[in-house]
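> Quick one: sequence and predicted model below, then my questions.
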Amino acid sequence: MSAQKIPVIEIPKGELKKFDPDNFSFGKNFTNYMLEADYINGEWTKAVIKKYEPLSLDPSTAALHYGQTIFEGIKAFKNEKGDVAIFRPDQNFIRFNISAERMQMPTVPSWLFMEGMNQLVALEKEWIPNGTDASLYIRPFMIATDPFLGVRPSQTYKFMIILGPSGTYYSTPMKILIEQKYTRATPGGVGFAKNGGNYGASLYPVSLAQQKGYDQVLWTDAIEHKFVEEVGMMNVMFVMDGKVITPSIDRGTVLKGVTRNSAIILLREMGYEVEERDLGVSEIVEAHKKGLFQEVFGVGTAAVVSYISKLAHGDYIMDFDVDALKVAPALKKELNDLRMGNIVDKHNWLVHI
């Protein structure tokens, strides 16, 4: 299979949807084709690229009851010349299989994940919007498919990749509330894995924050709520006294973000000192009171670099002048220039299609 292309079931021209660059929404519009494969009897089989269409699942399908489901988020970009490239998909491939192992699911081979993704993106490259903040969002995911009610790992699985056009994720700077009660992840848990349960559990506390006028929460550690971890669905970075500080991933409660890793490398190359360490809420508040807390921003696949204009810890409000930010805009420009081919890709992060 590794030497062959995944077969494509052609869609009749009359049934093909046309991409409307002036009328699309992230997460709601999808391309014509998707990739699908099944894990049966210990091997991946029936790999095919076919029409994007609903799935038919037995009501007892394991993923619907026991949460054996994982996913990734990747982006492909098109520059002014029309060249298409995917940003660091090899890192998502590695992380996907780390998630699979933690959730007791089979790993996915490179021919299916990487080569299949490249083939699918090449087929649908006309769906990539133009513009610096525009991209084609790539969503690989896997679900357990045993029609069986029982708490055990499934014996069968389905792997899929779907695609959709994406514009600017957060159009305005975010307002963030530091969470003091609810928890995203615990040491020894699955916080480092991109499984659906992590995101489902976040919805209620985020809803409570939104009722107070905030966009998202900044998660803190599960034991004492003293150390910051992630902001919403993104990694987070703080600029304090000229240094960039981002929470450590060593406890396994912070997602090992691809954009996070890229940002750390680029920021250091841009001359900034970057620290990966535990960062206490009290340290953040104290730095703000002393006038040493300059910036805070999120980094992630969907949002890339997302500015934060307000950070609150209870009744203590920390406001940031977005127009005065220096580090976040410089990082965003560097990432965009790299992905659009405006600067040399010296790390070989781009996979050209």
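Received the coordinates, thanks. Numbering: from 1, shown residues only.

> for this protein, what spans make up the helices?
62-66, 89-102, 110, 116-123, 196-200, 203-211, 258-269, 281-289, 327-339 (DSSP state H).

> mind listing what Ala302 touches?
26, 73, 137, 166, 169, 233-234 (C-beta atoms under 8 Å, 6 or more residues apart in numbering). Every C-beta, even on glycine, is put in place using the N, C-alpha and C of the backbone.

> List buried residues within these.
Among these, those classed as buried by 16 or more other C-beta atoms under 10 Å are 73, 137, 166, 169, 233-234.

> Distance to Tyr157 and pLDDT for those - can I get that in CSV?
As requested, the buried ones among the contacts of Ala302 are exported to CSV (distance: C-beta to C-beta, whole Å; pLDDT from 0 to 100):
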residue, distance to Tyr157, pLDDT
Gly73, 20, 95
Tyr137, 23, 96
Ser166, 27, 90
Tyr169, 29, 65
Met233, 24, 83
Met234, 28, 92
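
> Among these, which are located in strands?
137, 166 (DSSP state E).

> And the buried ones among the contacts of Ala302, which is closest to Leu266?
Met234 (16.4 Å; C-beta to C-beta).

> Now that Phe30 has come up, it's in contact with Ile161, right?
No - if you go by C-beta atoms under 8 Å, Phe30 and Ile161 don't touch, sitting 11.0 Å apart.

> What separation do you get for Asp83 and Thr31?
Using C-beta to C-beta, to the nearest Å, Asp83 is found at 19 Å from Thr31.

> out of these two, which sits in the more crowded spot?
Thr31 (22 against 14; other C-beta atoms under 10 Å).

> isn't that one right up against Val121?
No - counting by C-beta under 8 Å, Thr31 sits too far from Val121 to count as a contact (9.3 Å).

> ok so, going back, figure out which of the helices of the chain is closest to Tyr316.
Across the helices of the chain, closest to Tyr316 is helix 281-289 (C-beta to C-beta), at 6.1 Å.

> other SSEs contacting the closest one?
Packing partners of helix 281-289 (3 or more C-beta pairs under 8 Å, 6 or more residues apart in numbering; DSSP states H and E): strand 235-240, strand 304-313, strand 316-319.

> From the contact counts, what lies against the last one?
Using 3+ C-beta pairs under 8 Å, 6+ apart as the contact criterion, the neighbours of strand 316-319 among helices and strands are helix 281-289, strand 304-313.

> Could you identify which of those is most buried?
strand 304-313 (a mean of 22; mean count of other C-beta atoms under 10 Å).

> Sheet partners, orientation included, of it?
Counting by DSSP bridges, the strands paired with strand 304-313 are strand 174-178 (parallel), strand 293-300 (antiparallel), strand 316-319 (antiparallel).

> Show me how far the last one is from its chain's centre.
The chain centroid and the centroid of strand 316-319 are separated by 28 Å under C-alpha atoms, centre = their mean, to the nearest Å.

> for Ala100, what are its contacts?
By C-beta under 8 Å, 6+ apart, the contact list for Ala100 reads 70, 106-108, 142.

> Okay, it and Ser202: tell me how far apart.
21 Å.

> so what's the residue nearest to Glu179 when sequence neighbours are not counted bridging to?
Once flanking residues are discounted, Glu179 sits nearest to Val217: 4.3 Å by C-beta to C-beta, 6 or more residues apart in numbering. On the basis of DSSP bridges, Val217 takes part in beta bridges with Leu177.

> Adjust the sequence numbering to begin at 363 for everything that follows.
Shifting the count to begin at 363 puts that one at Val579.

> Let me know whether Gln542 touches Ala674 as I believe.
No - in this structure, Gln542 is not within contact of Ala674 by C-beta under 8 Å, at 10.5 Å.

> Arg450 is in contact with Gly619, isn't it?
No - the pair Arg450 / Gly619 is not scored as a contact, 10.7 Å apart, by C-beta under 8 Å.

> Per the annotation, how does the chain divide into domains?
375-528, 536-700 (automatic domain parsing).

> Let's have those in TSV, adding distance to Pro369.
TSV is the format used below for those (distance: least, C-beta to C-beta, whole Å):
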stretch	distance to Pro369
domain 375-528	6
domain 536-700	28
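
> The ones you listed: which one's closest to Asp707?
Of all those, domain 536-700 sits nearest to Asp707, with 6.2 Å by C-beta to C-beta.

> Look at the closest one and report the distance between its end residues.
25 Å (C-alpha to C-alpha, to the nearest Å).

> Stretch 381-393 too?
Stretch 381-393: ends 8 Å apart by C-alpha to C-alpha.

> I'd like the average pLDDT over it.
The average pLDDT for stretch 381-393 rounds to 90.

> which of the residues in the helix or strand bottoming out on mean pLDDT in the chain are buried?
In the chain, the helix or strand scored least confidently by mean pLDDT, DSSP states H and E is helix 558-562, which has a mean of 90. For helix 558-562, the neighbour count (16+ other C-beta under 10 Å) marks 558-560 as buried.

> repeat for stretch 507-526
Of the residues in stretch 507-526, those with enough neighbours to count as buried (16+ other C-beta under 10 Å) are 507-508, 510, 516, 518-526.

> One more: stretch 560-577?
560, 564, 567-568, 571, 576-577.

> okay, these in a markdown table with distance to Val706 next?
Below are the buried residues of stretch 560-577 laid out as a markdown table (distance: C-beta to C-beta, whole Å):
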| residue | distance to Val706 |
| --- | --- |
| Asn560 | 36 |
| Ser564 | 38 |
| Pro567 | 43 |
| Val568 | 39 |
| Ala571 | 41 |
| Tyr576 | 40 |
| Asp577 | 35 |
